[in-house]
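Asker: 3D, please:
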Amino acid sequence: MQGASLSSDQQALLEITRRFGNDVVAPVADELDRRTDPADCFSWDIVEQADAAGIRTATLAKEYGGAGIDSLTTAMIIEELGKFDLGVSVVFAQTLKIAQTLQAAATPDQQERFIPDYAADPRGLLAIGITEPDRSSDYIIPYAPGDFRTKAVRTEGGWIVNGQKHFISNGNRARLYLLFAQTEPGKGLVAGSTCFLVERSAPGFTIGRVHDKMGERLANNSELFFDDCFIPDENVLGEVGRGFDVLVQFFPASNAYAAASVLGVAQAAYSQALEWTRTRYQGGSYLLEKDSVALVLSRMRMNIDAAQAYIHRAVWMADNRQLGWDPKMGALPKVFASEVAWEVVTSALELHGGYGYMRDTGIEKLVRDAAAFLHSDGANNTLLLKAARFIRQDAPVPDRPGT
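Answerer: Predicted coordinates:
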């Protein structure tokens, strides 16, 4: 989006984010990324300085001390963070979108109990527990009638939860979790699960290992374990047995936020490739002067701009669903942006030649980071099939001949 199209508030927030990225994230990202222990790649200093800059709480309403930004502005901030590091972008993308959901889906009592404490904690992060070791894409394309392995059974005054989640972004760092557990066995993930608000201190809730990822390392993903974990009735978010309605009604921009994170990686790779080709003299001219190189850069720029426009359309529609929300927007922007990012980072790698394979250029980190989002937030083929379900609903095939 061009600067002339931004409001003064958006310009100010993006400038704050850009300054935060340059001053706080960029100086430490490479060193954190290379640490052996995945838990050590995370930085509380980054979180605290993001809080001081107003980024961590930007989606909260002003009454809670936030900026009350809309989904379009949120996506812009997430993309800007992604230019400096994908993991940092993911840490805040998760937190910002769950904060939006709490304000929209929580009861007044839940809002009063959870939001002020989150807002006041400079280390306050949020997480959502859906994915399980053998239940991942099942909830996106619920062809099989399988249940969540994480079960919640009624007891006096609440629920007893047993089970495991994994690959959870901010899983070992959050103070509050949106947890999905099966409450109606045999009804499937979508029709028989409930969303619970779980505090980090809940008895019976423990953190497992931090996953050792190839890229996106500044964001921790971990296992969550529930062993007779009691959750009171007043911590049910939404209706019992209708947990996924929370996602449908209050998470419409989630997919586009993931797209914005990985698009930031593409932006970084393009900027590095442009600077490299502008200053690298080879074969009697600068690389940028060679038509074959300029064609590659033109395609990179075109695809980045197209992905950004797609994301902006999706998040605007998410905030204006009364004007005609397209549910395919809950799947396709992330697929497109991640494929664009992969093409851009691999093109940047080629333009750098052998230098791109060296760690000190930073391209190899961008390649590792971009690879994450071919699968993260839903595997691409899974999301394409999700969109195909809506296409088939909108354009049903006629009866088969002879029937």
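
Asker: so where do the helices sit in this protein?
Answerer: 8-20, 26-33, 44-52, 71-84, 86-105, 108-120, 188-191, 243-250, 254-279, 291-319, 332-351, 363-372, 380-394 (DSSP state H).

Asker: Off-centre distance for the fifth one?
Answerer: A distance of 8 Å separates the centroid of the chain from that of helix 86-105, by C-alpha atoms, centre = their mean, to the nearest Å.

Asker: still on that earlier bit, mind putting the helices of the chain into JSON lines with mean neighbour count, distance to residue 126 and mean pLDDT?
Answerer: Bear in mind the C-beta positions are built from the backbone N, C-alpha and C, glycine included. Compiled in JSON lines, those are given as follows (neighbours: other C-beta atoms under 10 Å; distance: least, C-beta to C-beta, whole Å; pLDDT from 0 to 100):
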{"stretch": "helix 8-20", "mean neighbour count": "16", "distance to residue 126": "19", "mean pLDDT": "97"}
{"stretch": "helix 26-33", "mean neighbour count": "15", "distance to residue 126": "21", "mean pLDDT": "98"}
{"stretch": "helix 44-52", "mean neighbour count": "17", "distance to residue 126": "12", "mean pLDDT": "98"}
{"stretch": "helix 71-84", "mean neighbour count": "25", "distance to residue 126": "14", "mean pLDDT": "98"}
{"stretch": "helix 86-105", "mean neighbour count": "25", "distance to residue 126": "4", "mean pLDDT": "97"}
{"stretch": "helix 108-120", "mean neighbour count": "15", "distance to residue 126": "7", "mean pLDDT": "98"}
{"stretch": "helix 188-191", "mean neighbour count": "18", "distance to residue 126": "22", "mean pLDDT": "82"}
{"stretch": "helix 243-250", "mean neighbour count": "19", "distance to residue 126": "13", "mean pLDDT": "89"}
{"stretch": "helix 254-279", "mean neighbour count": "24", "distance to residue 126": "13", "mean pLDDT": "97"}
{"stretch": "helix 291-319", "mean neighbour count": "18", "distance to residue 126": "19", "mean pLDDT": "97"}
{"stretch": "helix 332-351", "mean neighbour count": "24", "distance to residue 126": "20", "mean pLDDT": "98"}
{"stretch": "helix 363-372", "mean neighbour count": "23", "distance to residue 126": "20", "mean pLDDT": "98"}
{"stretch": "helix 380-394", "mean neighbour count": "15", "distance to residue 126": "23", "mean pLDDT": "92"}
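
Asker: Include distance to residue 138 when you put these into TSV, please.
Answerer: Supplementary listing: those in TSV, determined by distance: least, C-beta to C-beta, whole Å:
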stretch	distance to residue 138
helix 8-20	35
helix 26-33	32
helix 44-52	32
helix 71-84	27
helix 86-105	21
helix 108-120	28
helix 188-191	6
helix 243-250	12
helix 254-279	17
helix 291-319	24
helix 332-351	18
helix 363-372	21
helix 380-394	9
